[in-house]
Every structure is written in C-alpha cells, then in structure tokens.
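In: have a look; sequence and predicted model below, questions after that.
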Amino acid sequence: MAKLKKIYLGIIIVFLYAPILVLIAQSFNASRYRGQWTGFTLQWYEKLFTSEDIIEAFLNTLTIGLTAAFFATLLGLITALAIRNFSKKSQLVFRGLANVPLLNADIVTGISLMLLFLGLGLRLGYDTILMAHVVINLPYAMLCILPQVMGLDHVCYEAALDLGATPFQAFRKVILPELRPGIAAAFLLSFAMSADDFIVTYFTKGAGIDTLTTAIYAQLKLGIHPEMYALSTLFFLGVIAFVALLMVNWRLLKRRQGKEWV
Amino acid sequence: MHDSKSVARLFAAPFTVWAVLFIVLPLFFVLYHGLTDGEGAFTLANLWEAVQMEYLRALGLSVELALVSTVICLVLAYPLCMILQEIKRGRMVLIFLLFLLPLWMNSLLTTMAWQTILEKNGIINMVLHALALPEVTLINTPLAIVIGMVYNFLPYMVLPLYVSLSHIDKSIIEAAHDLGAGRWQTFRRIVFPLSLPGVISGCTMVFIPALTTFVISALLGGNKILLIGNIIEQEFTAAYDWQLGSALSMILMVFIILNIVVEAFSERNAKEQEVDS
C-alpha cells in the first residue's frame, strides 16, 4: 500500500513537471522551433539581455505588478479595518462585493472592465492595465488581511490610547506590527496574481503595450521567441533559490528556538 | 472606542467608491451592451442571437469539457490529498513546495509545452515510436483540451480539498474503526461526507475557469474546437460585435451565479452542521 501511494505521488509529480522540463530543455535548444532538437546552446540566454521587446514587457510586468500590489494591499487594509466595525449584515454585503472579481470568470471581468474604460472615454494602455490589476488583486489582498484584522485584540490599542498615544500612533505602533504578516502575504499574493494574469490584461491593454504574458500570447501564432524560454527558466530557478533560502532560514530559526527552550 | 462607527464609515468610503466604479458599473456596461442595439435602444435581439444553434453547440461543448475536467481533477486530487494527510510534519513542507512550485511557471508557456508533448511528432509519440507502438492523435482533440484544463486547474481542487480533509477530527475516524467499520465504509460514511464542503468548493473553483477559458482551447484545440470563451474573445477582438459578445457573456454570468449559489448553500450547510455538533 505504501508503495502504491509513492507511485501515485510520483505520477502526479511527473504530470506537473513534464511541461516545465520541456520548457527548460527548449531554452537550451539551438533550433528556433519547438519539437526539433538541433543541439545545445546558451545563445538565447545571451540574446535575452539585448532583446528590447522582452525587457520592456518584463519591466511592464514588474512595475504594474508592484504598483497594483501596493494599491490593492492598501485598499484591502483600509477596507478590512472598516469591515471589522460593521454589523454582521453589512459585513456580508461588503465581503460578497469584494469577492465578485474572484468568483467571476476572468474573461467576463476583462471584458466588463474594457467596456467600462472605453465607455468612460479612457484610452486603453498602461493605466487601464494597472487599474484592472488592482481590481483583480483586491479580493486576494482581503483574503490575506481580513482574517488577521478580525482577530485583532482591541485591548492593546485601547491601552495605548489610555497611556497617551494618539490614535495614529497607537495604530502605527500596536495594530500595524500585528498585521505585518497578513500585509506581506497580501502584497506577495497580489504581485504573483498580477504577474501571472493574462486574460484581464489582454482585454484592458490596448495596442502598443505588452506585459510578459500578452507578449507570449502574441508570439504564439508565429512561434515563441526562445528568449522567453530562457527568461522563464531563469525565473523558475530564481523561485527555487528563494524558496530554498527561505527553508534554510526557517530551519535555522527553528533550531535556535529549540535551543532557547532547552 | 467611542468613535469607531464614524471611523468605520470613513474607512469604508474608498472601497464603496471603488466597488461601485470597478465592480458594479462594469457589469452594468455588459448588461447595457447585451440589451441594446448599436443606437442604444433596448432590444432582446442580441440575446436571441446568442442562443442560436451555433453558439449553443459551443456552450454545450464547453460545459461538457469543463464537467469532464472537473471530475478528473476531483478523482486525481482526492487520493492525492488523502496521501498528503498522512505525511509526517518534517517532510510536509518539502512535499508541499514540490506541488506548489509548478504554479510559478507561466501558464501560457506550460500549456504550450503540452503542445510539444502531445503533438504528432511530439514527445508521447516519440516514446511510442521508440517502443514500436502505434502513434496516437492527441493534439487538436477535446482530450488535449481536457489535459490542458486538468493541468492548469488541478491546484484549485487540491487546495480546498486538502484544507477540508485536514479539518476532519481524526478521533471520529478512529471511533468508526473501533465500532467495526471497514476502510471503505469509513470513507463512504464518515470521511467523504465531512469533506463535502471542500469537494464542492474545489469543483466550483475548477468549473468556472474551465468553462470560460479561451487560451487552452486555442493552444491545444488548434482553433478547430471552439469553446464559448473563444467565441466571446473573437467577438471583442476580431468581429467587434460588442452586443453579441456581451449577450454571450451574460449567458456565462448565469452559470457563474448558479455556481456562487451552490457554493453559498454548501457553506451555510457546513456552518449549520458545525453549530449542531
């Protein structure tokens, strides 16, 4: 039975990683075309750093992702603090409303935002992508922050007020530190969602601007530039390195804590 | 805090403006375009066109493929989550990372990599050829689209299912065993009913993106198999028929609302059960 379970896990892992291995292999493939292997090369990695299109798309993804994550987290935090003091019924309405972009299909969200922007007379471009990304990120930010805000203990805050702190000071010194993990999670998750989004960006971007995902989609018809494979391989290795560092850090922390308890 | 009510109102203001402008108003724009003609006069003609055979067939195929993918995701994820429950704490983080890492790869690129795996001269056929087995046609078939959907949306099933399985009190399972229930009986009468909220939440989370995708079908169906998402995308980006595109989106919204209702019902039932016990 135990063997059967291991085999099952193995099969799922193979299923999950097969396309990723294919992509990594393609980044070292001398041929421009998928599906034919003509030898090992590193040229796509070299060309990556001189390819203006890809660098521009990458910078768009990065700046839109970071800005949208910042605004989504800020708005999520303010809203969560408001919801906390609401009656049960208003809480339900607000949470339901905030969840609409999460439950809605991306294609409907994308189209409805495009119709809104054009209906308001805005030109599609960088700003509309940014606004659309805050819209789709907000539910994720709330998902991370709201549980922590609801679990806040008011006693410390009131104690700070009694001891002469202004409400702003009390907020900054008492409430904010407690919410820090949720805020960090909200920011990271928002950024990840934003960077990986294709459908909403596709409908709200207009002509002449691309993020990485829309650049990839545009290339699909004529064949992906292999530099993209190189970029995604580097990114994937970067994520693995980051996670590995995090785990080492976590283990060290645990060991230290263990010693302190002894 | 004497002024908590007014502070709450002040803090709620940005979101209220935001929600009206970016959540409610956009949906009204879809309704407006779906229910008016080019001049802005009310009409049901767009909706009538949207339920013509051509579009209904695409919708039917989309529902079918989305249902098949949802069921496959459930069947794959359930044993996986049960196995993950048994893993010891120390190794858990590592195993979890192993399952979460692929999410960081761009989904357009991984879907395209499936093209390389499934196509006529692709990896699967190369392996079959090496083993002297007959070739299989996978690319540009509904099966290829289903594989792409399962690959992309499996995590949406695994996460809620894992959470609901890990919330089950292990002593209940032990009690069932003590009272003479076999493995299968315990699963059927204890574990599965208790995991139902996770099952329903996972299914709704897989079904909607699978129903509305246009990327997976474009990449793995070779533009020969049109799903409802492909048709809507074309109406907005190629045919510029916003009215018909909006009417088709309204039909999709019916499915989305149904999905939300199902999810809300199951959540309420779960809460009531908690209160009862």
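Out: That came through fine.

In: residues near residue 53, how many?
Out: With no chain named, the answer covers chain A. 13 (other C-beta atoms under 10 Å in any protein chain shown). Just so you know, the C-beta spots here come from the backbone N, C-alpha and C atoms, and that holds for glycine as well.

In: you answered for a different chain; I wanted chain B.
Out: Counted with other C-beta under 10 Å, residues neighbouring B:Met53 total 8.

In: so it versus A:Ala25, what's the distance?
Out: 44 Å (C-beta to C-beta, to the nearest Å).

In: likewise B:Val191?
Out: From B:Val191 to A:Ala25 the distance is 41 Å (C-beta to C-beta).

In: pLDDT at B:Asp3, what is it?
Out: The model reports B:Asp3 with a pLDDT of 59.

In: three-state assignment of B:Asn140?
Out: Using DSSP: H, G, I helix; E, B strand; the rest coil, the structure places B:Asn140 in coil.

In: from chain A, how far out is B:Leu196?
Out: Distance from B:Leu196 to chain A, counting by C-beta to the nearest C-beta, to the nearest Å: 19 Å.

In: doesn't that residue fall inside a helix?
Out: Yes. Looking at B:Leu196 with three-state DSSP, it is inside a helix.

In: that one: neighbour count?
Out: For B:Leu196, the neighbour count with other C-beta under 10 Å is 14.

In: which residues sit in contact with it?
Out: Listed by C-beta atoms under 8 Å, 6 or more residues apart in numbering or on different chains, the contact partners of B:Leu196 are B:Ser164, B:Ser266, B:Ala270.

In: name the SS class of the second one, please.
Out: Following three-state DSSP, we place B:Ser266 in the helix state.

In: ok, back up a step: of the contacts of B:Leu196, which is the most crowded?
Out: Using other C-beta under 10 Å as the neighbour criterion, B:Ser164 leads the contacts of B:Leu196 with 20 neighbours.

In: residues near A:Pro101, how many?
Out: Other residues lying near A:Pro101 total 23 when counted by other C-beta under 10 Å.

In: gap between the spatially most central residue of chain B and A:Ile175?
Out: Centroid-nearest residue in chain B, with C-alpha atoms, centre = their mean: B:Val206, separated by 1.9 Å. Per C-beta to C-beta, B:Val206 is found 37 Å from A:Ile175.

In: what about B:Asn121, which SS state?
Out: Under three-state DSSP, the three-state class of B:Asn121 is coil.

In: any idea of the pLDDT on it?
Out: At B:Asn121, pLDDT is 84.

In: okay, it and B:Thr36: tell me how far apart.
Out: Shown here: B:Asn121 relative to B:Thr36, a distance of 50 Å by C-beta to C-beta.

In: between these two, tell me which one has more neighbours.
Out: The neighbour count for B:Asn121 versus B:Thr36, taken as other C-beta under 10 Å, is higher for B:Thr36 (16 against 13).

In: can you give me the pLDDT of the more buried one?
Out: 93.

In: go on, A:Gly35?
Out: Here, the pLDDT recorded for A:Gly35 equals 68.

In: next helix or strand past the helix or strand bottoming out on mean pLDDT in chain B?
Out: Using mean pLDDT, DSSP states H and E, helix B:89-100 stands out as the lowest-scoring helix or strand of chain B, at a mean of 79. Using DSSP states H and E, the next helix or strand after helix B:89-100 towards the C-terminus is helix B:107-118.

In: now the angle from the following helix or strand past that following helix to helix B:107-118?
Out: Remark: after helix B:107-118, the chain's next helix or strand is helix B:123-130, criterion DSSP H and E. Helix B:123-130 runs at 20 degrees relative to helix B:107-118, counting by axes from the mean of the first three to the mean of the last three C-alpha atoms, to 10 degrees.

In: give the next helix or strand downstream of helix B:123-130.
Out: Downstream of helix B:123-130, the next assigned helix or strand under DSSP H and E is helix B:142-166.

In: list the buried ones in that following helix?
Out: Using 16 or more other C-beta atoms under 10 Å in any protein chain shown as the test for burial, helix B:142-166 gives B:142-162, B:164-165.

In: what's that helix packed up against?
Out: Contact analysis of helix B:142-166 by 3 or more C-beta pairs under 8 Å, 6 or more residues apart in numbering or on different chains; DSSP states H and E lists helix A:2-27, helix B:53-86, helix B:89-100, helix B:107-118, helix B:192-212, helix B:215-220 as its packing neighbours.

In: right, so of those, which gets closest to A:Ala98?
Out: Proximity to A:Ala98 (C-beta to C-beta) singles out helix B:192-212 among these, at 17.0 Å.

In: and that closest one, what's its mean pLDDT?
Out: Per-residue pLDDT over helix B:192-212 has a mean of 93.

In: number of residues surrounding A:Gln91?
Out: Other residues close to A:Gln91 by other C-beta under 10 Å number 16.

In: distance between stretch B:40-57 and the chain's centre?
Out: 26 Å (C-alpha atoms, centre = their mean, to the nearest Å).

In: could I get that stretch in CSV with only the CA atoms?
Out: Only the C-alpha atoms of stretch B:40-57 are listed here, as CSV (Å, rounded to 0.1, in the frame of the first residue of the first chain):
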residue,chain,number,x,y,z
GLY,B,40,-28.7,52.4,-27.6
ALA,B,41,-32.4,51.3,-27.9
PHE,B,42,-33.5,48.3,-25.8
THR,B,43,-33.6,45.0,-27.6
LEU,B,44,-33.6,41.3,-27.0
ALA,B,45,-32.2,40.6,-30.4
ASN,B,46,-28.6,40.0,-29.1
LEU,B,47,-29.8,37.5,-26.6
TRP,B,48,-31.8,35.8,-29.2
GLU,B,49,-28.8,35.6,-31.5
ALA,B,50,-26.7,34.3,-28.6
VAL,B,51,-29.0,31.2,-28.2
GLN,B,52,-28.8,30.2,-31.8
MET,B,53,-27.6,26.7,-32.5
GLU,B,54,-24.0,27.7,-33.5
TYR,B,55,-23.4,29.3,-30.1
LEU,B,56,-25.4,26.7,-28.1
ARG,B,57,-23.3,24.0,-29.5
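
In: what helices and strands are in contact with the helix or strand containing B:Ala176?
Out: Element membership for B:Ala176 (DSSP H and E) is helix B:170-178. Under the contact criterion of 3+ C-beta pairs under 8 Å, 6+ apart, helix B:170-178 touches helix B:183-186.

In: for the helix it packs on, which outside residues touch it?
Out: Contacts of helix B:183-186 with the rest of the structure, by C-beta under 8 Å, 6+ apart, involve B:Ile173, B:Ala176, B:His177.

In: pull out the buried residues from that helix.
Out: For helix B:183-186, by 16+ other C-beta under 10 Å, it's B:Thr186.

In: in stretch A:21-39, what's buried?
Out: Result for stretch A:21-39 [16+ other C-beta under 10 Å]: buried residues A:Val22, A:Leu23, A:Ile24, A:Ala25, A:Gln26, A:Ser27, A:Phe28, A:Asn29, A:Arg34, A:Gly35.

In: the residues you listed also near chain B: which ones?
Out: When C-beta under 8 Å from any C-beta of the partner chain is applied, the members of those adjacent to chain B are A:Val22, A:Leu23, A:Gln26, A:Arg34, A:Gly35.
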